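Asker: pasting the sequence and the predicted model now:
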Amino acid sequence: MVLQADFYARDTVVVARELLGKVLVHETAEGITSGIIVETEAYMQDDPACHAYRGKTPRNETMFGEPGKAYVYLIYGIHHCFNAVTREKGRGEAVLVRALCPLRGEELMHQRRKTICPSHRLASGPGNLCRVMGITRDQDGVPLQESPLYVISDNIAVSSDEIVERTRIGLSVAENRMLRFYLSNYQKYVSRR
DNA sequence: GCTTTGATGCACT
DNA sequence: GTGCATCAAAGCG
């Protein structure tokens, strides 16, 4: 079942936790790739580390739009990052998806990567994730319910004691909030640190 | 194995 | 001009 807008139109931390164990799918001309979401981070509007903290700009406009849309941006000039927009329209909050456990299209993922690596590192980190899934800024603003890019709730059981809360990664401000979540039994698929 | 560093685009002060 | 929600190659051991 594809997750609908009402799933995303809730508290950002709740959405971040519940996205763990769901499956991200991208259907492209090259083929279909999918993977279990194993690591997320929550970004709230009152958070100095959040793009929306200083208000709306052309770059982060998507975050303020409808819940359930993809917010994709370029970081360090090289890498893309994929987020799911949460809360009601006008709120400017999102969940960053940081890592996947590959499910379908692993062949294609290897092709999209220039380097050879073990499968548990294919989508370890937001930049790698977008690369192997074929996500670019072309996907910025697309609704996750009615696009080739969507999230489904599969029957992957996640009990709350498998969810580990940690501080977020790569930030210079507001580092110490427990807003990063990952599944302990998939830790090797997660970016390091 | 682990740590360091350069590549690189774009929004914003 | 600066500072990033990063990655991988190069260097060390």
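Answerer: Looks like it came in fine.
Asker: just the strands in chain A please.
Answerer: Secondary structure of chain A by DSSP state E: the strands cover A:23-28, A:31-43, A:70-75, A:79-86, A:93-104, A:149-152, A:163-166, A:180-183.
Asker: closest one to residue A:53 among those strands?
Answerer: The closest of those to residue A:53 is strand A:31-43. By Cβ to Cβ, the value is 8.8 Å. Quick note: C-beta positions are derived from backbone N, CA and C, even for glycine.
Asker: and chain A, which residues reach DNA strand C?
Answerer: A:41, A:43, A:49-52, A:63, A:71, A:75-79, A:81, A:83, A:94, A:96, A:113-115, A:117, A:124-129, A:131, A:168-173, A:191 (Cβ under 7 Å from any atom of the strand).
Asker: may I have stretch A:158-175 exported as CSV, CA atoms only?
Answerer: Output in CSV follows, covering the C-alpha atoms of stretch A:158-175 (Å, rounded to 0.1, in the frame of the first residue of the first chain):
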residue,chain,number,x,y,z
VAL,A,158,9.5,-2.9,13.3
SER,A,159,9.2,-3.0,17.1
SER,A,160,10.1,0.1,18.9
ASP,A,161,13.0,-1.5,20.7
GLU,A,162,14.8,-1.9,17.4
ILE,A,163,14.6,1.9,16.8
VAL,A,164,17.8,3.6,18.1
GLU,A,165,17.7,7.4,18.7
ARG,A,166,20.9,9.3,18.2
THR,A,167,22.1,12.8,17.5
ARG,A,168,22.2,13.9,13.9
ILE,A,169,25.2,13.9,11.6
GLY,A,170,27.3,16.5,9.8
LEU,A,171,25.8,19.5,11.6
SER,A,172,27.5,22.6,13.0
VAL,A,173,24.5,23.7,15.0
ALA,A,174,21.9,22.0,17.2
GLU,A,175,23.8,18.8,17.1
